[in-house]
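S.K.: Dropping a prediction and its sequence here:
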Amino acid sequence: MDLEKDVSWANRNAWAPCIIEKKIGDSYKYYFYFTAAQKIGVAVSDNPTGPFVDSGKALIDKLPIGVSGGQQIDPDVFTDPQTGKSYLYWGNGYMACAELNADMISIKEESIKVMTPDNTFREGTTVFVRNGKYYFLWSDDDTRSENYKVRYGTSDSPTGKINIPQNNLVIAKDKEAGLYATGHNSVIQIPGKDEWYIVYHRFNYPKGITMGDAAGFNREVCIDKMEFDKEGKIKQVRLNPVDVNGVVTYETVVGVSNEELLLRPGMTATAQIITKQSLDKLIIPNTALRFKPKIQTEQKASTMNFVQPPKMPQGDARAKELGKKEFVPIFVLENNQPKRVMVKVLDTDGKSTTIETNDLKVDDEVIVSQKSENGK
């Protein structure tokens with residue numbers, strides 16, 4: 001949509017849209033809610049990629065009763081799977097909600113409700129339901145601030161009182177990693193699975209933090225896995241440091257269930273994600289050649305016996321020796337377990353090795369080190 005060409009009631013500040021699919025009769029319609037000139041509009045299409053036709057007027061164009069300040073921006077649309085009812089959420093400086101009519105382009109005015117959770121709420125409401133519990137996420141601080149972050153609360157209904165956990169941070173800056181202003185998110189669930197991802201924006205890496213207020217308008221979109229504990233609380237998302245070559249490094253706990261290769265209980269593996277690709281050639285860090293897992297040789301009901309593999313040169317010497325061979329083993333994380341993969345070495349230098357393989361792809365996690373709880 002082009003505001004100047006397609007929208008008659010606004011021509012500036014096209015911000016923060018959202019979209020939802022709804023079955024109307026025997027076909028599906030797609031409703032696109034957007035911000036324009038600090039008002040909220042809606043456009044409709046038969047296809048999720050458009051073209052969209054504006055409804056002809058603003059859907060939300062004034063403050064809710066009882067609210068004295070803020071903006072009508074940042075719409076979020078949510079359909080309750082338990083009732084089939086659809087709701088619109090919006091607001092900067094306040095959180096408001098209203099039930100949408102069946103036409104999806106108008107609201108039930110009498111249903112408008114202000115449900116601002118606390119004074120950390122700034123904007124960017126996102127709502128989803130998991131295991132019968134409704135989750136409300138919002139952004140705290142300003143998009144131009146390095147401290148822009150996401151918090152959450154829960155409720156028993158899509159319009160109910162929002163309960164706020166003691167620690168309700170979902171995602172926040174990581175100064176050591178150089179990642180700032182992680183806010184204004186949406187949430188994705190993999191269909192049919194209890195697997196969730198948070199999509200958000202942050203300052204452009206790595207120079208955004210040097211731009212001052214302009215950093216708030218020089219942003220990049222990111223996605224990270226979002227997990228829950230046994231009580232349904234959202235675990236704070238751990239940001240993944242990015243080096244100048246675009247390689248993401250992070251630690252992940254590895255369990256003990258693989259039949260052949262495993263790490264001792266209580267150990268962690270540090271993995272780097274493969275991110276460079278030239279046709280069928282991939283680049284991995286040389287530390288991946290140095291990784292050597294324990295090998296399980298016997299397993300009983302209550303004991304596990306481990307033996308070391310045959311002695312081989314360690315550290316850089318191991319990497320150098322393996323780098324001379326045409327095919328070498330490396331280990332990747334698959335379902336949080338180490339998996340051996342044989343790769344063909346094409347070239348190696350002091351930091352990285354170019355490999356050729358049909359068994360790896362960009363974004364696979366290559367194990368580069370392991371350590372125990374006491375740091376060894």
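M.R.: Yep, it's here.
S.K.: Might you list the low-confidence residue ranges for this structure?
M.R.: Counting by pLDDT under 70, the low-confidence segments of the chain come to 240-281, 287, 289-326, 349-351, 358, 361-363, 369-376.
S.K.: what about the longest strand in it?
M.R.: Ordering each strand of the chain by length in residues (DSSP state E) puts strand 337-348 first.
S.K.: Sheet partners, orientation included, of whatever helix or strand comes next after that one?
M.R.: Per DSSP states H and E, the first helix or strand lying C-terminal to strand 337-348 is strand 352-356. Taking DSSP bridges as the criterion, strand 352-356 forms sheet pairs with strand 281-285 (antiparallel), strand 337-348 (antiparallel).
S.K.: Can you tell me which of those strands is most buried?
M.R.: Greatest average neighbour count among the strands paired with strand 352-356 goes to strand 281-285 (a mean of 20), per mean count of other C-beta atoms under 10 Å. C-betas here are computed from N, CA, C, even on glycine.
S.K.: does Y33 really touch K39, like I thought?
M.R.: No: counting by C-beta atoms under 8 Å, Y33 sits too far from K39 to count as a contact (11.2 Å).
S.K.: quick one: which of those two has more around it?
M.R.: Neighbour totals were compared for Y33 and K39, and Y33 leads with 25 against 20 (other C-beta atoms under 10 Å).
S.K.: Distance of the more buried one relative to S86?
M.R.: According to C-beta to C-beta, to the nearest Å, Y33 and S86 sit 11 Å apart.
S.K.: hey, what's in contact with both of the two?
M.R.: Taking C-beta atoms under 8 Å, 6 or more residues apart in numbering as the criterion, Y33 and S86 both touch I20, V77.
S.K.: what are the ranges of the helices in the stretch 1-150 of the chain?
M.R.: 3-6 (DSSP state H, counting those that start in this stretch).
S.K.: Let me see the ranges of the strands in it.
M.R.: Assigned by DSSP state E, counting those that start in this stretch, the strands in the stretch 1-150 of the chain fall at 15-24, 27-36, 39-45, 53-54, 76-79, 86-90, 96-99, 113-114, 123-130, 133-140, 149-155.
S.K.: Among those, which comes closest to S68?
M.R.: Closest approach to S68 among the strands of the stretch 1-150 of the chain (C-beta to C-beta): strand 113-114, 11.3 Å.
S.K.: So in that sheet, which strands flank that closest one, and in what orientation?
M.R.: When DSSP bridges is applied, strand 113-114 pairs with strand 96-99 (antiparallel).
S.K.: ok, residues contacting the strand it pairs with?
M.R.: Contacts for strand 96-99 (C-beta under 8 Å, 6+ apart): 64, 67, 85-90, 107-109, 111-115, 158-159.
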